[in-house]
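Novice: attaching a predicted model along with its sequence, questions to come.
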Amino acid sequence: MKKFVGKVSEPLPQPFVEKVLHDLCEALGVIHAHNIIHRDVSLDNIMIHGVQNNTVHVVLNDFDTVREIEKTATHTQGTGKAKYMAPEVKHGEPKTIYGTKVDIWSVGVVIYELMTLNKAKSIPDMKSTAAIHRCLRNQLQVWYMKRSNNIRKLKLSTQKSSYMTTG
């Protein structure tokens with residue numbers, strides 16, 4: 001993705017950025033559901049898998065830095081690229097415990113770069129980052145809830161149809 005973005009001279013269309021966000025959320029939803037954090041979400045680790053009907057499909061790769069989330073384990077090593085690190089990782093105190101939020105922060109930096117074609121240089125003051133983090137987290141929670149409701153509806157409709165054909 002980084003090479004592609006480097007060749008683009010105008011901001012990417014909103015549907016493109018939304019699809020990238022959707023695919024990243026799908027990938028992170030799967031690994032987060034298994035209590036795993038990626039810790040290195042960046043343009044370098046997103047690959048364009050294909051384009052079909054003017055729609056892009058991206059995949060998250062480079063799982064060398066993943067780690068299982070443990071409630072009592074501390075993650076003191078700042079793994080990943082500095083400009084994509086959440087403040088609690090980059091500026092965290094020793095023995096900091098963090099979880100899936102660090103991946104969500106990195107997704108926000110990726111989306112910022114795709115929307116503006118500006119390289120995120122550094123993390124602004126902590127008040128600004130907290131507001132950005134809350135906004136991203138709220139949006140992603142809404143997306144996750146919609147997704148889980150759709151899965152639940154699909155399971156119910158599948159159960160009903162199998163009951164009707166066997167009963």
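Specialist: In hand now; what should we look at? Numbers count the residues shown, from 1 in each chain.

Novice: who's in contact with residue 58?
Specialist: 1, 19, 20, 23, 24, 46, 47, 48, 49 (C-beta atoms under 8 Å, 6 or more residues apart in numbering). Where C-beta positions appear, they are placed from N, C-alpha and C, glycine not excepted.

Novice: per-residue pLDDT, the nearest residue to residue 62 once chain neighbours are set aside?
Specialist: Excluding the flanking residues, the one nearest residue 62 by C-beta to C-beta, 6 or more residues apart in numbering is residue 45, at 4.2 Å. For residue 45, the pLDDT comes out at 94.

Novice: now do residue 8
Specialist: What the model reports for residue 8 is a pLDDT of 86.

Novice: just checking, it touches residue 117?
Specialist: Yes - if you go by C-beta atoms under 8 Å, residue 8 and residue 117 touch, sitting 6.5 Å apart.

Novice: compare the two (neighbour count), which wins?
Specialist: residue 117 (14 against 11; other C-beta atoms under 10 Å).

Novice: neighbours around the residue nearest to residue 62, how many?
Specialist: 22.

Novice: so who does residue 13 touch?
Specialist: By C-beta under 8 Å, 6+ apart, residue 13 has no neighbours at all.

Novice: for residue 27, see how far away it is.
Specialist: Distance, residue 13 to residue 27, using C-beta to C-beta, to the nearest Å: 21 Å.

Novice: need the helix or strand of this protein with the lowest average pLDDT.
Specialist: helix 126-166 (a mean of 58; mean pLDDT, DSSP states H and E).
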